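J.: this one's sequence-less:
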């Protein structure tokens, strides 16, 4: 197993994995990966709340317009798809070379329409991430539930799931179903990086005022050029990939006031690190007077 995995499992409560050969890892932005106690960079949001609010409003408006446009495209695509299905039925039993050529062309068109519809569905999910249904919840419980759901599928791909979850992890505020979607995108990305099987490792820990989740795979890893673009919408290195899975994951994490970073090297696997703020304690209710 790559040192990326063994180092992380051995030191999950307090450290991040070190690469083989002592070489420096670099994160998705191309900067040196920060240690667990590195000071956080200042954010413009803290300094200019009014400006941040305007940006959020503009972003919401653009997302709404983009979603509406996707719907307008999806409707005629559905009509075309229905008519192609009817046309395919007419040529279901081709009797001449011409009929066979027509049926082949119809099938190619149906395939492309199906592909475009899938891209639109992914884009609509990407554009709709606005309002969260937040709950104060144990992140470990969310991971265990999704682990039980995904493990049978992983076994068919010769992927072994391993967990190292910190006990008594502080709760976080999550939209559980939306966050599961973000995690599943990461796990499927790891699956594609391990075509011959491997290990998918999940670790949790507390670091200061944050809960940290590492998603580690023993896959093929990424070059610096690929790593710098993996969160760009519609960028994909996989034939037929929509290029929206990881951007959607980042959008969901950031909607939870969290951050996501990636460390990777070709041939040594990848590690995605998600940091989420610990949920503020709920103020006790005043005692009712009799």
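T.: Yep, that arrived. Not measured: the values here are computed from a predicted model. Residues are numbered from 1 along each chain as shown.

J.: so residue 267 belongs to a strand, correct?
T.: No: the assignment for residue 267 is coil, going by DSSP: H, G, I helix; E, B strand; the rest coil, so no strand is present there.

J.: so what's it closest to, chain neighbours aside?
T.: residue 221 (5.5 Å; CB to CB, 6 or more residues apart in numbering). C-beta: built from backbone N, CA, C; applies to glycine.

J.: next, count neighbours for residue 132.
T.: The number of residues packed around residue 132, counting by other CB atoms under 10 Å, is 15.

J.: same question for residue 113.
T.: Residues near residue 113, counting by other CB under 10 Å, number 17.

J.: for the remainder of this discussion, apply numbering that starts at 54.
T.: Got it, first residue is 54 now, which makes that one residue 166.

J.: that one against residue 133, yeah?
T.: Yes: contact criterion CB atoms under 8 Å: residue 166 and residue 133 qualify, at 5.9 Å.

J.: lowest-confidence helix or strand of the chain?
T.: When the helices and strands of the chain are scored by mean pLDDT, DSSP states H and E, helix 97-100 comes last with a mean of 37.

J.: the longest strand in this protein is where?
T.: Ranked by residue count under DSSP state E, the longest strand found in the chain is strand 251-260.

J.: all helices for this structure, in order.
T.: 56-63, 97-100, 102-143, 150-180, 192-209, 229-245, 277-280, 298-308 (DSSP state H).

J.: and the longest strand of the chain, what does it pack onto?
T.: helix 56-63, helix 192-209, strand 212-217, helix 229-245, strand 263-270 (3 or more CB pairs under 8 Å, 6 or more residues apart in numbering; DSSP states H and E).

J.: pick the most deeply packed of those.
T.: Ranked by average neighbour count under the criterion mean count of other CB atoms under 10 Å, the helices and strands packed on strand 251-260 are headed by strand 263-270 at a mean of 24.

J.: which helices and strands does it pack with?
T.: Here strand 263-270 touches helix 56-63, helix 192-209, helix 229-245, strand 251-260, strand 323-330, going by 3+ CB pairs under 8 Å, 6+ apart.

J.: and the angle for that strand with helix 192-209?
T.: Taking axes from the mean of the first three to the mean of the last three CA atoms, to 10 degrees, strand 263-270 and helix 192-209 form an angle of 10 degrees between their directions.

J.: which residues does strand 263-270 contact?
T.: Taking CB atoms under 8 Å, 6 or more residues apart in numbering as the criterion, the residues outside strand 263-270 that touch it are 57-58, 61, 65, 69-70, 89, 192, 196, 222-223, 225, 236, 239-240, 243, 246-247, 251-259, 322-331.

J.: now do 6 Å
T.: By CB atoms under 6 Å, 6 or more residues apart in numbering, the list of residues contacting strand 263-270 from outside reads 58, 61, 192, 225, 239, 243, 246-247, 253-254, 256-258, 322-331.

J.: what mean pLDDT does it have?
T.: This predicted structure assigns strand 263-270 an average pLDDT of 96.

J.: what about the stretch 154-303 of the chain, any weak spots by pLDDT?
T.: Within the stretch 154-303 of the chain, the ranges that satisfy pLDDT under 70 run 175-184, 293-295.

J.: burial count for the nearest residue to residue 241 once chain neighbours are set aside?
T.: When the adjacent residues along the chain are set aside, residue 241 lies closest to residue 298, with 6.6 Å between them (CB to CB, 6+ apart). Using other CB under 10 Å, the number of residues around residue 298 comes to 22.

J.: related to what we said a few turns ago, can you select the buried ones among the contacts of strand 263-270 for me in PyMOL?
T.: Those of the contacts of strand 263-270 that count as buried under 16 or more other CB atoms under 10 Å are selected in PyMOL with:
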select buried, resi 58+61+192+225+239+243+246+247+253+254+256+257+258+322+323+324+325+326+327+328+329+331
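
J.: what's the distance between residue 189 and residue 329?
T.: Using CB to CB, to the nearest Å, we find residue 189 at a distance of 12 Å from residue 329.

J.: please apply the same query to residue 280.
T.: For residue 280, the distance to residue 329 under the criterion CB to CB works out to 22 Å.

J.: just residue 274 next, same as before
T.: Residue 274 sits 25 Å away from residue 329, going by CB to CB.

J.: who's residue 326 bridged to?
T.: For residue 326, the beta-bridge partners are residue 267, residue 314 (DSSP bridges).
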